[in-house]
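J.: all I have is the shape, not the residue letters:
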C-alpha cells in the first residue's frame, strides 16, 4: 500500500525522545530571564507526573502494558503510577525551601493540581465516549496534552517573571506544543497498526474522527466496522488505512501540525528575546514537524 499517511522520513520515529520534555520548564525559565536551574524541582515534578499519567492512561485505555511489569501488570502499573504521583508531590514541596522559588511556590503548586484535575476531566470525557466527534477529540487533546505541556512552560516561566501577558504566551506555546505531540502520537499508533498485526484494539483518534466527519454515511459505517476489528484482522486494518488515505486524513493532519507549529513560534517570539533557550525551544518544534 502506498504510504501517504506515514512518509518514509518518519518511519523510525515521529518525535524526539520523551526525555527532552524534562527540559521544558528550565528552558522556559531561562527564556523568561531567569536561571534554568530554578526550575529543577518543577521539571522533576512535571516529568514524574508525565510518566504516572502515561501508565494510568495505558491501563484506562486497556493498551498493551510493558512486559517488565510482569504477570500482575495492571496492579503493578497502578501502584507504580501512585508512587510517581506522590514523588512528584514531594518534589513540588521543595519549592517552598529555595529562596528563588519560595515566593511563588504556593501559586505553582496550585497551578499543578488544578491542571491535573482538568486533565482528569478530559480523560473522563474520552472514556465516556467510544467514538467521539472530531470536535470532541480536539477538546480532549486540549484538556490533556495541551493543558499538561502548557503547565510545564507556564510554571517554568513563572519562576522568572510575573508579567501576565508574557506568561499567557508561554502558556500558548506549551498548549500548541502539546497538540503537536498528540497529533504525532495518533500517527504513531496508526503507523504501528498498519505495519504489523496486533491483538489490541486501536484507540479512537483525531484522524479517525476526521474521516468519519468527511466520509458519506455508508463509507463512514464501513470505516467504523473496520476499526472495530482492525486489531485482529489484517485485511480490515489495510482497508481502514486505505480509507484514511483516500479521504485526506494525512493532509488534514499535516495542515494542523503546521498551524500549531506557527502558533507556538508566534507565542514564543512574543514572550521572549532571542537566546539559547529560545533557540532550543524552536529547535524542539522543528524536530517534531520535520
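T.: Structure's in. What do you need? Model, not experiment: these values are computed from the prediction. Numbers count the residues shown, from 1 in each chain.
J.: read off the pLDDT value for residue 19.
T.: For residue 19, the model assigns a pLDDT of 73.
J.: what about it, distance to residue 50?
T.: 10 Å (Cβ to Cβ, to the nearest Å). (Each C-beta comes from the backbone N, C-alpha and C, glycine too.)
J.: neighbour count for those two, which is higher?
T.: The neighbour comparison of residue 19 against residue 50 (other Cβ atoms under 10 Å) goes to residue 50, with 17 against 8.
J.: which residue comes closest to the more buried one once chain neighbours are left out?
T.: Nearest non-adjacent residue to residue 50, counting by Cβ to Cβ, 6 or more residues apart in numbering: residue 21, 6.5 Å away.
J.: report the contact partners of that neighbour.
T.: Shown in contact with residue 21 (Cβ atoms under 8 Å, 6 or more residues apart in numbering): 47, 50, 149, 152.
J.: the residues you listed in helices, which ones?
T.: Members of those lying in helices (criterion: DSSP state H): 47, 50, 149, 152.
J.: so the third one sits right up against residue 171, yeah?
T.: Which is residue 149. No: Residue 149 lies out of contact with residue 171 (Cβ atoms under 8 Å); the separation is 9.6 Å.
J.: could you pull out the helices for the stretch 151-290 of the chain?
T.: 164-195, 206-214, 217-229, 234-246, 249-271, 276-289 (DSSP state H, counting those that start in this stretch).
J.: dump those into CSV; add mean neighbour count as well.
T.: Shown next, in CSV, are those (neighbours: other Cβ atoms under 10 Å):
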stretch, mean neighbour count
helix 164-195, 21
helix 206-214, 20
helix 217-229, 15
helix 234-246, 18
helix 249-271, 18
helix 276-289, 17
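J.: okay, the ones you listed in TSV with distance to residue 34 next?
T.: Below are the helices of the stretch 151-290 of the chain laid out as TSV (distance: least, Cβ to Cβ, whole Å):
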stretch	distance to residue 34
helix 164-195	12
helix 206-214	35
helix 217-229	47
helix 234-246	44
helix 249-271	13
helix 276-289	10
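J.: okay, the ones you listed in a markdown table with mean pLDDT next?
T.: Putting the helices of the stretch 151-290 of the chain into a markdown table (pLDDT from 0 to 100) gives the following:
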| stretch | mean pLDDT |
| --- | --- |
| helix 164-195 | 88 |
| helix 206-214 | 95 |
| helix 217-229 | 93 |
| helix 234-246 | 87 |
| helix 249-271 | 93 |
| helix 276-289 | 92 |
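J.: OK, contacts around residue 57?
T.: Contacts of residue 57 (Cβ under 8 Å, 6+ apart): 63, 123.
J.: for it, what is the enclosing helix or strand?
T.: Using DSSP states H and E, residue 57 maps to helix 40-60.
J.: helices and strands around the following helix or strand past that helix, which ones?
T.: Past helix 40-60, further along toward the C-terminus, the next helix or strand under DSSP H and E is helix 73-93. Packing partners of helix 73-93 (3 or more Cβ pairs under 8 Å, 6 or more residues apart in numbering; DSSP states H and E): helix 40-60, helix 105-128.
J.: ranking the ones you listed by burial, who's on top?
T.: helix 40-60 (a mean of 20; mean count of other Cβ atoms under 10 Å).
J.: just want the angle from that one to helix 105-128.
T.: With axes from the mean of the first three to the mean of the last three Cα atoms, to 10 degrees defining the directions, helix 40-60 sits at 10 degrees from helix 105-128.
J.: quick check: angle from helix 40-60 to helix 73-93?
T.: Helix 40-60 runs at 160 degrees relative to helix 73-93, counting by the same axes, to 10 degrees.
J.: from the chain's centroid, how far away is helix 40-60?
T.: A distance of 12 Å separates the centroid of the chain from that of helix 40-60, by Cα atoms, centre = their mean, to the nearest Å.
J.: now stretch 68-81
T.: Taking Cα atoms, centre = their mean, one finds the center of stretch 68-81 at 22 Å from the center of the full chain.
J.: buried sites along that stretch?
T.: Residues of stretch 68-81 classed as buried by neighbour count (16 or more other Cβ atoms under 10 Å): 69, 73, 76, 77, 81.
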